[in-house]
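Q: Kindly generate the corresponding structure for this input.
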Amino acid sequence: MQAINDAMSLLSGKWKFHILGTLIEGNTLGFMDLLREIDGIGTKMLSKELQDLEMNNLVSRTVMNTKPITVEYSITEYGKTLSSLIDELAKWGTAYRKSVYSENKK
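A: Next comes the predicted model:
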């Protein structure tokens, strides 16, 4: 059960799966692109979650030599290993929503 605790502490919270899924789909995105793509997240929360994901080697951060400075985020090879998990979680969520919606319609 320690493995589940480790995974949950690493991926817990409302936004991490959104960020990882968005980067898996979009490959490399700037901070503002992520902010636009992830509905409802604020700048402080996005910044904090990206720092956590970077610290845990799931997301990489590249500072571009531009004026003004541009920062790009991308999914790491290790982060890509979560792709099938995120896909399955999304499928489960869709099926669950359908089952709850059809139950409430009866």
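
Q: Remind me what the longest helix seen in the chain packs against, helices and strands.
A: For the chain, the longest helix by residue count, based on DSSP state H, is helix 83-105. Counting contacts by 3 or more CB pairs under 8 Å, 6 or more residues apart in numbering; DSSP states H and E, helix 83-105 packs against helix 16-26. Placement of C-beta: from N, CA and C, glycine included.

Q: any idea of the angle the helix it packs on forms with helix 83-105?
A: If you take axes from the mean of the first three to the mean of the last three CA atoms, to 10 degrees, helix 16-26 sits at 120 degrees to helix 83-105.

Q: Show the subsequent helix or strand relative to helix 16-26.
A: Using DSSP states H and E, the helix or strand that follows helix 16-26 in sequence is strand 28-30.

Q: quick check: mean pLDDT across that following strand?
A: Averaged over strand 28-30, pLDDT sits at 93.

Q: Pull the number of nearby residues for the residue nearest to L89 when sequence neighbours are not counted.
A: Distance criterion CB to CB, 6 or more residues apart in numbering; nearest residue to L89, sequence neighbours excluded, is F17 at 6.8 Å. Counted with other CB atoms under 10 Å, residues neighbouring F17 total 17.
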